[in-house]
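>>> below is the sequence, then the predicted model.
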Amino acid sequence: MKKQLHYLLFSATLLIGSAANAQLQVEIAGVGSNQIPVAVAAFADEGVAPAQVSAVIRADLERSGVFKVIDAGQVISDSASVDVNTWKARGADALVVGSVTRQPDGRFAVRYKLLDTVKGGQLSSLGGEVQPRYTRLQAHRIADDVYEKLTGVRGIFSTRIAYVKENRAGRNYALAVADADGENEIVAVQGKEPIISPSWSPDGGKVAYVSFEDRKPVIYMQDLVTGKRRVIANEKGSNSAPSWSPDGSKLAIALSKSGSYQVYIVNADGSGLRRLTNSNGIDTEPQFSADGQSIYFTSDRSGGPQIYKMSVNGGNAQRVTFNGSYNISPRVSPDGKTLAWISQRDGGFSLYAMDLASGQELRLADGATEPSFSPNGKYIMYANKGGGRTSLAVVSVDGRVKQRLTTKAGNIREPSWGPFMK
């Protein structure tokens, strides 16, 4: 029984938490090499909107670590004639300009242009009318566009994150959802019993998670649009570690109905439960591969916890991790090229990433648990405990860029980075 509990806590060590209405604060602890210099001007008339669009764009680009952001120090509209040579002389490779206009129906027209100061001309433009509450989202979309046009990689500023918070004084647990920068937080689920292991559906409309409200771990699915939820797995024993298939039709889960934890696959509506692993050990923490054809999972079949891979149709499992005696919490990048996991070495837990083609490992962060890839695969969010508090942190897959997301009200953990929104 003690051994089973030990493995139940692979990805769910004791929850430490925060007040339900706290907002996250982002602290940038590192930057990338060869930053792209970009000037961002104040948007014309942006003061009429609830959020200062240019400030949101600047903050997004800065925390990415990819850009050296130059504050233009002046207002420049997207309709203005701009001498790009002036900005080239100031060291900017690109210039962001734009405007905000209040519409008669109360919406705001937010427009922007991205100008090339090196070669001259326009690199991109974006415009749209949004409700006041979506002004920040539109700013994030503009930052996404700037990121993509200048790096060739899709931006993740308009995506969302989910995480778990606990108010220890009131013993209140909450599953919260917020923008990638920690703003616009909403509480999706809350209660007096622990909540763990949130996992986003590929369409971004639902989150699967584990709740102890029935005095045992049960897997639920929360619809973020309708607010309704349903039970996905409530089998005998413990139900844990939900992970969605890339097409959203199934979930991989870990159940102890047979005695020790084994990996199962179930349809997204809770039907069609099928056992995948049949080992004499404990198999848990399943994760679908990027193509949906394989499952990565943690198993002690070799004596200590290691990461394995096997076909979704069953068969022999192949061991993936060999360095270190304790490797848990596998996560696969959206492009299927990188594996992230937690390894206990040198007396502590660290976040590692492996290039699956070459097998080369990179140590990214110490004191880490519960990793989650950004949808563009360039960043990993994880829980980090330091100074007696637990917070969220972000590191780039090359280890150069680091961020810390904290809240004054307490601690947060169990991060899950949502998908690109359509």
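Nice, thanks for sending it over.

>>> name the nearest residue to Lys337, sequence neighbours excluded.
Leu356 (6.0 Å; CB to CB, 6 or more residues apart in numbering). Any C-beta I mention is one placed from the backbone N, CA and C, and that applies to glycine too.

>>> who's in contact with that neighbour?
336-339 (CB atoms under 8 Å, 6 or more residues apart in numbering).

>>> just for the stretch 1-150 of the chain, where's the confidence low?
The model of the stretch 1-150 of the chain has pLDDT under 70 over residues 1-33.

>>> how much space between Glu193 and Tyr220?
Using CB to CB, to the nearest Å, Glu193 is found at 12 Å from Tyr220.

>>> what's around Met421, how many residues?
As a burial measure, Met421 scores 13 neighbours (other CB atoms under 10 Å).

>>> okay, now the nearest residue to it once chain neighbours are set aside: neighbour count?
Take Met421 and drop its neighbours on the chain: the residue closest to it by CB to CB, 6+ apart is Gly204, 5.2 Å away. Counted by other CB under 10 Å, the residues lying close to Gly204 total 18.

>>> again, but for Gly106
Counted with other CB under 10 Å, Gly106 comes out at 8.

>>> show me the strands in the stretch 101-250 of the chain, by range?
108-116, 122-130, 160-167, 172-179, 186-191, 195-200, 206-211, 218-223, 229-233, 239-244, 250-255 (DSSP state E, counting those that start in this stretch).

>>> the stretch 251-400 of the chain now?
Assigned by DSSP E, counting those that start in this stretch, the strands in the stretch 251-400 of the chain fall at 262-267, 274-275, 283-288, 294-299, 306-311, 318-319, 327-332, 338-345, 348-355, 361-366, 368-373, 379-386, 389-396.

>>> can you redo those strands as JSON lines with mean pLDDT?
Formatted as JSON lines, the strands of the stretch 251-400 of the chain follow (pLDDT from 0 to 100):
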{"stretch": "strand 262-267", "mean pLDDT": "98"}
{"stretch": "strand 274-275", "mean pLDDT": "97"}
{"stretch": "strand 283-288", "mean pLDDT": "98"}
{"stretch": "strand 294-299", "mean pLDDT": "98"}
{"stretch": "strand 306-311", "mean pLDDT": "98"}
{"stretch": "strand 318-319", "mean pLDDT": "97"}
{"stretch": "strand 327-332", "mean pLDDT": "98"}
{"stretch": "strand 338-345", "mean pLDDT": "97"}
{"stretch": "strand 348-355", "mean pLDDT": "96"}
{"stretch": "strand 361-366", "mean pLDDT": "96"}
{"stretch": "strand 368-373", "mean pLDDT": "96"}
{"stretch": "strand 379-386", "mean pLDDT": "90"}
{"stretch": "strand 389-396", "mean pLDDT": "88"}
